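Q: coords please:
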Amino acid sequence: MIVKIYKPAKTAMQSGKAKTRLWHLQVTDDSNQSQDPLIGYHGGSSTKNQVKLQFDTQEDAINFAKSKNYDYEVIEASARKVIKKSYADNFK
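A: Take a look at the predicted model:
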């Protein structure tokens, strides 16, 4: 089983850094999913892709994956670019 370990980015709809402190471990499941022809929902027999665990540090997530003998992939978080803007610059 392969898991990916990442730190989520902030959403575009928020200016703060809420929900970006914890590291997530998510199972990537390659099982077949079927689509309901009437409603269009996707479903399958495996619920592994719904598992998402949260850890305080990246090392804790890696140690958990190693203890369960999971293959893991760490996705590093990119640095946030802060552009200082001033309201007065609109009138220059």
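
Q: hey, where'd the strands end up in the chain?
A: Listed in chain order, the strands found in the chain under DSSP state E are 2-6, 23-28, 34-35, 42-43, 52-55, 71-75.

Q: Check those for me: which has the lowest mean pLDDT.
A: Per-stretch mean pLDDT for the strands of the chain is lowest at strand 42-43 (a mean of 76).

Q: so how far is residue 19 from residue 48?
A: Applying CB to CB, to the nearest Å, one obtains 23 Å for the distance of residue 48 from residue 19. Where C-beta positions appear, they are placed from N, C-alpha and C, glycine not excepted.

Q: Likewise for residue 40?
A: Between residue 40 and residue 19 the distance, using CB to CB, works out to 29 Å.

Q: neighbour count winner among those two?
A: residue 19 (13 against 7; other CB atoms under 10 Å).

Q: Count the neighbours of the nearest residue to the more buried one once chain neighbours are set aside for me.
A: Nearest in space to residue 19, with sequence neighbours left out and distances taken as CB to CB, 6 or more residues apart in numbering, is residue 8 at 6.6 Å. Taking other CB under 10 Å as the criterion, the count of residues near residue 8 is 16.

Q: lowest-confidence helix or strand of this structure?
A: strand 42-43 (a mean of 76; mean pLDDT, DSSP states H and E).

Q: what's that one packed up against?
A: Contact here means 3 or more CB pairs under 8 Å, 6 or more residues apart in numbering; DSSP states H and E; on that basis strand 42-43 packs against strand 34-35.

Q: And the strand it packs on, how far out from the chain middle?
A: Centre-to-centre, strand 34-35 and its host chain are 24 Å apart (CA atoms, centre = their mean, to the nearest Å).
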